[in-house]
Structures are given as structure tokens and as C-alpha cells.
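Enquirer: I'd like to go over a predicted model; first the sequence, then the structure.
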Amino acid sequence: MSSLVESAKKAFTSATATEKVADLQHDIQTPQARDHLTTDHGVKVSDTDNWLKVIGTGPGKYNGPMLLEDQIGREKIHRFDHERIPERVVHARGAAAHGHFKVHDDRASKYTYAPVLTDSLRTTPVFVRFSTVQGPRGSADTARDVRGFAVKFYTEEGNWDIVGNDIPVFFIQDAIKFPDFVHAVKPEPHNEVPTGQSAHNNFWDFVGLQPESAHMVMWVMSDRGIPRSFRMMQGFGVNTYTLLNDRGERHFVKFHFIPELGVHSLLWDEALKISGQDPDFHRKDLNEAIENGAYPRWRFAIQTIPEDREHDFDFDILDATKVWPEELVPLEEIGELVLNRVVDEFFTETEQVAFCTSHVVPGIGFSDDPLLQGRNFSYFDTQITRLGVNFKRWLPINRPICPVLNHNRDGKARHRIVKSSINYWPNRKNIGMPVPAEKGGYIEYAQRLEGIKERARGDKFQEHFSHAQLFFNSLASYEKIHLANAISFELSHCEDRVVYNSYIDVLNNIDFFLAKSVAGKVGADVPSQSGRRNHGKKGKGLSQTDFMPKEPTILSRRIAILVADGFNEVEMQAVRVALTTAKAVCYIIGPRRGRIHPSQDTGSGVSADHHFEGQRSTLFDAIYIPSGAEHVKALAQNGRVIHWVRETFGHCKPIAAVGEAVDFLRDVVQLPKVDLFAPGGRNDQVVSSYGVVSTGRYSASSIIADLPKFEAD
Ligand code: HDD
């Protein structure tokens, strides 16, 4: 047996969660302090700062000319000129991390024989990439957009990719519409505006004329479009896949990831500001959490429908613009996904990772979902453009942990040398060469088919508003207000009256009051009567409020402690310890970076992480202001600090204040005394147990001011 097969077999039998980490080690180079620079052909380089030139005479003798002969200078520039590969046509901006996946037990074996979903002794390594869709690689993280949620499972049977989103439905039903959709949402072709936004004529024109997008538009315009963190989003496989069990039975399946921290969003005002203040907010958040040991976790669940019940629903279960309501198809929680290692190098891992919906393993298959079928073609194709034909086998991040042996040959960037005179099957030698597997091979389900060729969609694919209504009705009142405001923001950016008027017609088929509310704000014709009647039904698991963590938690939340000279250090440290014990991440913000002096006898001072101008309240989940007469006086005289406090209050975040700081807080936010002592927010348990005051994110009056409008609906 060839050594290639031998080593491949070894890898096959010894795969563990650390297998991918070990596998990547072969390709990791860690330069040491005294290593020499070399050219790419290995020759040592002693000067990498000066191009080879002719040294003349006189005062300008070092001015050249420069010589083309300099192969060291030329190689450096050539390599630089070719550093970029095509960015992804969509989902160009992303951040990723390594981790692992485990199932709790073998309960899914009634649906599938795939060990990754049934073998609880296995820990499967994963690589997960999150992304925004519209913007280029350099766009801001907090744009209103769908977020990609792509998971690569390095299983012992080969790589399995779930290429999903943070929203369970999609804009279109048939893959043939994807180029139209992407052209419409991307910057307009004549001026390449706008970047990272769907707020423009072309997007709203398209979705107005394409009512199958209505449900997805509701999700993107809801708070789901501006997540607080990648760690606080759900993940969905979106498409309908299938599972095959060892009795040969097939079930349709949807995949769900549910974040341990709950589902949380930014406010639109925060998202807009963070886009400028810290465009890397989400990618930093992911790394910060992992480096602080607050490993992001998701519960993994499936929804399944036996093959013979495919047509039992009033929607088509292969239509990616519909959810499978949990009341009809309950979720079964079967496993857990954890991210615990940041990437070592962005390009080789996050940029070169290549997901394909067509990557499935035995026991998992496709359905006739027309979006999925088109995706199966598209991803493979796009990776060949981005990375070349050898993207799977030799790029370390894409390389499976099990053997890869076949007769695919050549193409750009093929790395390994295969020692054999045979590169086809069948062959006369049949020794030391890969042969078709006798067992364990991928087996397609023997699906009975008959029909005629036609470009058409089924009857149930023609209904577009019922699930959009279900989603809208299920939102909490403040979520509905956010949604109406978001659509109003977007339509306000469309100058063409035809565009915003036609979208009001779509909204009127979802909810009359929503359509009226938006039309009134954006100067459109206000409908006088309802389009389609709202059925009034609500569903479970659609509002974010259904995903609060079981126990309130401040794990990994960012808290700013505002201090000036003269603060009470004893008290501040007590609160800080309480917060960090509850696993919040505290930052000291002061009048300067460096030492801030406490009031007499209360301590030796603390070192501020940032000064007041260096950060903004939007980058934190809460603030705390300790007591101390001199320090509070200084804070009260600082306009930026006043802005910090007012903005935090306006965003309905918890604010804690002690002693003199309580009066300061009351003055700054002009809050009556009675409100100050009414803690009730979700994040304030720790601080309130220390006897300090707080306002909760969901209890502040500003957010519920105009609720009755929707309540009346
Ligand atoms: Fe797609 C990338 C998710 C429909 C064609 N898509 C891409 C990524 C995600 C999704 C998360 C980024 C993966 C990464 O991090 O590298 N796409 C979806 C979802 C869809 C969907 C959830 C609907 C259910 N996509 C879709 C269709 C097509 C594509 C219908 C084409 C017919 N998608 C692509 C692509 C991309 C891509 C052009 C761009 C870069 C890449 O694949 O690797 O092939």
C-alpha cells in the first residue's frame, strides 16, 4: 500500500476535535526573533530598505538611477502587486473562528446515519465565518444587512458545510433570480453608491416588484438586521436539506443554531454611529470574547418532516421564503457548537475558507428546494474563480481531516507530488491506487421521479404574505416600531416616488397600520384601506424576546467606568470585582489615558484604558459612575462626559451611579427621583445588588412612548 494511502488511513482513524488544529500546524510558520529574511527562492536578504542604485559623485550621489537588475526589490514589489484575490461577490466582509461541535446523544439516528449528528463520543472540529452581504471587504460591521453564518464541519467522513444566515428565510425562491437580486442590492452601477446599505432606489424597486421578498424584507428591517454581536445571533441553514437513516427512510430537515447569550441587537442610532466610530466592532467583539474565555456557544437544533408529510402544509416546505412554524414542526435540540480559538492569520484562514452547499456527507442530502439546487452549482464555481481548482485539497483551511485521494489532476497551485504512473480508473495495476469504496461511500437516495420539463413554480410558491404577517404579528411592540422606523429610513433614501409608493403597496398587503405609518413618514401616498387582510396569527421563536437567556447574564458585556481625579476607589473596585466576577468586561474611561488619582485614602489610583474622547458610549453596554465629590464635579464640567451619559440613557442602557454621582445623573438626564430608584432592566441585577441605581434597557420610557399605535392594531 502506498505511503500516501497509509498516512491518509492514519488520519482517518485518529480524527478528533484537535485533528484540524494539528493538521493546520503543518502549515503554520512562527518566525523567531533572530530568523533571517530571505527571498522566496531562499537566498538571505541583508537590505530590504534600499533599492539597488547607481551611486554617483557629488552632493546628489545617492539619488540613483535605480537598477532594474535588483531581483530582491523586484520580487518584493511583484509579490505585493499580486496580493489581492477577487473578494467574494457577496459576503465579502467577514470574521471567523475555530471551534468544535458535539451532539448530546444518538437521538438523531432515527433520521440519519451521519456520525457527525449521531455519535456523541465524537467532537468534530469546525470553522465558522460570519459576514455581511452587501458591503465590500472594507465596509463597516454594523450596516443594516443579513449576516452570513457559515459552518465548516471537518468530519471523519469529509467536510460538511452549512452555509447559512442569521435569518431563516431568503429574498428569492429560485436561484435563477440571484444575479438580479444581488445587482439590485449592491451599489448602483453608474456611481457605485451606496456602500454597505440597501437604502437606495434599486433595492426597493426590485423587492417592490418581487413580492416573494416581502417576508425576508420584514426580517432584515427588524432588529435582526443590526445584531449586537455575532455571538448573539441565531444561525439558520435556511434551505431544506434531507436526512437519510439506515432503514433507507428520508426526512426533510432545517438546521438551527441558537445562541446561549440570547438574541440581541443594537439600536439603529447605535449602529449608525458605530459604523464610523469602530467599523470593526463585530470582528473585534468576536476575538475579544474568545480571548477573554467567554467562548461563544450555540445550541444546535433540527426540524424534521417525514417524506410522506411533504404536502401536508399550506406552504411548500421547499420554499426558502417560508419558515416551518415551530407550532407545526417543533425544534429538537441535539447538539452544541462552541468557538474557542481565534484565527492566526486572516488571509489564509478567513479569506481563503471556501464554503459550498454541495459539501455534504453520507446520511445528509439535498432536497428539490430550487434555491438550494442552484446554490450547489454556484459556490463551487465561485471558489474556482477566487482560489483555483485546488482550493479544497491543498489550501490548509479547506483541507479535510480524512484522506483525499482521487484522479483529479493538475490545475493552478497543485502542491503534493503523487508518485504513480496511473491517473485514471479502471486501471491495469489496481495496486497502491485509490479504488471505489466498497462501503461508507456517499449514496444518493433513490428518489422516484417522473415529469415534464418546464420553467414554472408550484401553486404554494405563489403566496407571499402569510408568513410576512406571521412574523410582523409576532414582534413585541417596540420591535414593530423599530421595524417601521427602519423601513422609513430606507425609503427616505429612495428619491424615486414610483419606488417608495410601490413598496407601500407591498406593506399594505402585510399590515395596513404599518403601511400607513411608513407612508406618512416618507411622503408616499397613504393607503385609505387595507390591502390583504392581516390574519392576526402569531408564532413562537420569531420575536427576539423569545430568545432571552434562561438566566439573565452580563457575561462578556462591555461596561465603561467613568472616572476623574478624586473618585472613590474602594467603592469602584468593589463594583468592578462584582462585575468581572459576573464575567463582564470593564474599561476605565478618564480624562487621560494613564493614572487617575482617587480621593484621599481610598486607594492608589487606577490606570484609565481610554480618555473620554477616545471612545464613545455606543461601544459599551452599560456605564457606571462611582462616587467622589471632586471627581463628580470634574465630570459635570466636561461636555463629552455629559454626552456619554445622555447618549447611554437615550439608548436605554443600564446606568449605575453612586453617592454624588446620583445627583449628577439625575441632573444630566433630567430624570425624576422616582424613576431613578426603580431598577427593572434585564442587565442590572449585579449593579443593583450593590445598592446603586440603574435604568434597564427595556424599561425606559423613551422606547415605549408611541406603543399604543400598534397595540391598537
Ligand atoms: Fe450565498 C456566499 C449564504 C443564496 C451564491 N452565501 C455566501 C456566504 C453565505 C451565504 C453565508 C458566505 C460564505 C463565506 O463565509 O465564505 N446564500 C446564503 C444563503 C442563501 C444564499 C443563506 C439562501 C438560502 N447564494 C445564494 C444563491 C446563490 C448564492 C441563491 C447563487 C445562485 N453565495 C453565493 C456565492 C458566494 C456566496 C456567489 C459568494 C462567495 C462565496 O459564495 O463563497 O457563490
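Expert: Looks like it came in fine. Numbers count the residues shown, from 1 in each chain.
Enquirer: With just CA atoms, put stretch 131-146 into PDB.
Expert: C-alpha atoms of stretch 131-146 as PDB (Å, rounded to 0.1, in the frame of the first residue of the first chain):
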ATOM      1  CA  SER A 131     -20.300  38.100   7.300                       C
ATOM      2  CA  THR A 132     -22.300  41.000   6.000                       C
ATOM      3  CA  VAL A 133     -23.800  40.600   2.500                       C
ATOM      4  CA  GLN A 134     -23.800  43.900   0.600                       C
ATOM      5  CA  GLY A 135     -20.600  45.700   1.500                       C
ATOM      6  CA  PRO A 136     -17.100  45.200   0.200                       C
ATOM      7  CA  ARG A 137     -14.300  43.800   2.400                       C
ATOM      8  CA  GLY A 138     -13.600  47.200   3.900                       C
ATOM      9  CA  SER A 139     -17.100  48.100   4.800                       C
ATOM     10  CA  ALA A 140     -18.500  48.600   8.300                       C
ATOM     11  CA  ASP A 141     -19.600  45.700  10.500                       C
ATOM     12  CA  THR A 142     -22.800  47.300  11.800                       C
ATOM     13  CA  ALA A 143     -24.500  48.100   8.500                       C
ATOM     14  CA  ARG A 144     -28.200  47.000   8.300                       C
ATOM     15  CA  ASP A 145     -27.900  43.700   6.500                       C
ATOM     16  CA  VAL A 146     -28.300  40.000   6.700                       C
END
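Enquirer: Quick one: check it for contact with the ligand.
Expert: Yes. If you take C-beta under 6 Å from any ligand atom as the test, stretch 131-146 does meet the ligand, through residue 131. For the C-beta atoms, the positions are set from N, CA and C on the backbone; glycine is no exception.
Enquirer: Enumerate the residues of this structure near the ligand.
Expert: 88-91, 94, 129, 131, 148, 150, 163-165, 170, 175, 178, 238-239, 320, 353, 355, 371, 374-375, 378-379, 382.
Enquirer: which of those count as buried?
Expert: Taking 16 or more other C-beta atoms under 10 Å as the criterion, what is buried in the residues of the chain next to the ligand is 88, 90-91, 94, 129, 131, 148, 150, 163-165, 170, 175, 178, 238-239, 320, 353, 355, 371, 374-375, 378-379, 382.
Enquirer: Kindly list the main-chain dihedrals of residue 348?
Expert: Torsion angles at residue 348 (phi, psi; degrees, to the nearest 10) stand at phi -70, psi -20.
Enquirer: Can you tell me how far it is from the ligand?
Expert: 14 Å (C-beta to the nearest ligand atom, to the nearest Å).
Enquirer: can you give me the offset of the biggest helix by length in the chain from its chain's centre?
Expert: In the chain, assigned by DSSP state H, the helix with the most residues is helix 370-387. Remark: helix 370-387 is offset 20 Å from the chain centroid, using C-alpha atoms, centre = their mean, to the nearest Å.
Enquirer: Is the residue of the chain found nearest the ligand in a helix, a strand, or coil?
Expert: Scanning the chain for proximity to the ligand using C-beta to the nearest ligand atom identifies residue 148 as nearest, at 2.7 Å. Of the three states, residue 148 takes strand under DSSP: H, G, I helix; E, B strand; the rest coil.
Enquirer: got it, and the one 4 residues further on?
Expert: Taking three-state DSSP as the rule, one finds residue 152 in the strand state.
Enquirer: got a list of what residue 590 touches?
Expert: 562, 563, 564, 596, 608, 610, 611, 612 (C-beta atoms under 8 Å, 6 or more residues apart in numbering).
Enquirer: go on, residue 502?
Expert: 205, 208, 209.
Enquirer: Neighbour-wise, which one of those residues leads?
Expert: Among the contacts of residue 502, residue 208 has the most neighbours (other C-beta atoms under 10 Å), with 23 neighbours.
Enquirer: Am I right that it is in contact with residue 503?
Expert: Yes. Under the criterion of C-beta atoms under 8 Å, residue 208 makes contact with residue 503 at 4.6 Å.
Enquirer: Next, format the contacts of residue 502 as CSV and append pLDDT and secondary structure.
Expert: What follows is the contacts of residue 502, written out as CSV (pLDDT from 0 to 100; DSSP: H, G, I helix; E, B strand; the rest coil):
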residue, pLDDT, secondary structure
205, 98, helix
208, 98, helix
209, 97, helix
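Enquirer: returning to that earlier point: can I get the next helix or strand after the longest helix of the chain as PDB, trimmed to CA atoms?
Expert: Once helix 370-387 ends, the next helix or strand along the chain (criterion: DSSP states H and E) is helix 466-474. Extracted in PDB, the C-alpha atoms of helix 466-474 (Å, rounded to 0.1, in the frame of the first residue of the first chain):
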ATOM      1  CA  SER A 466     -49.000  35.000   5.100                       C
ATOM      2  CA  HIS A 467     -45.500  34.400   6.700                       C
ATOM      3  CA  ALA A 468     -44.600  38.100   6.500                       C
ATOM      4  CA  GLN A 469     -47.700  38.800   8.500                       C
ATOM      5  CA  LEU A 470     -46.900  35.900  10.900                       C
ATOM      6  CA  PHE A 471     -43.500  37.500  11.600                       C
ATOM      7  CA  PHE A 472     -44.800  41.000  12.000                       C
ATOM      8  CA  ASN A 473     -47.600  40.000  14.300                       C
ATOM      9  CA  SER A 474     -45.200  38.000  16.500                       C
END
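Enquirer: how far off helix 466-474 does the next helix or strand after helix 466-474 point, in degrees?
Expert: For helix 466-474, the succeeding helix or strand toward the C-terminus, using DSSP H and E, is helix 477-492. Helix 477-492 and helix 466-474 are oriented at 120 degrees to each other (axes from the mean of the first three to the mean of the last three C-alpha atoms, to 10 degrees).
Enquirer: chain center to helix 477-492: distance?
Expert: Using C-alpha atoms, centre = their mean, the offset of helix 477-492 from its chain centre is 22 Å.
Enquirer: Mind listing what's buried along it?
Expert: Under 16+ other C-beta under 10 Å, the buried positions of helix 477-492 are 477-491.
Enquirer: Same check on stretch 327-343?
Expert: Counting neighbours by 16+ other C-beta under 10 Å, stretch 327-343 gives 329, 331, 334, 335, 336, 337, 338, 339, 341, 342, 343 as buried.
Enquirer: again with stretch 361-379
Expert: Buried residues in stretch 361-379 (16+ other C-beta under 10 Å): 361-367, 369-376, 378-379.
Enquirer: Show me what the mean pLDDT comes to for that stretch.
Expert: Averaged across stretch 361-379, pLDDT comes to 97.
Enquirer: Next one: the nearest residue in space to residue 69 that is not next to it in sequence from residue 205, what distance?
Expert: In space, and not counting its chain neighbours, residue 69 is closest to residue 52: 6.4 Å by C-beta to C-beta, 6 or more residues apart in numbering. Here residue 52 is placed at a distance of 57 Å from residue 205 (C-beta to C-beta, to the nearest Å).
Enquirer: What of residue 247?
Expert: With C-beta to C-beta as the criterion, residue 247 and residue 205 are 50 Å apart.
Enquirer: same check, this time on residue 199
Expert: To residue 205, residue 199 is 13 Å away according to C-beta to C-beta.
Enquirer: Overlap in contacts, these two.
Expert: Common neighbours of residue 199 and residue 205, using C-beta under 8 Å, 6+ apart, are residue 494.
Enquirer: burial count for residue 85?
Expert: Look at residue 85: counted by other C-beta under 10 Å, it has 13 neighbours.
Enquirer: try residue 443
Expert: Neighbour count of residue 443, defined by other C-beta under 10 Å: 13.
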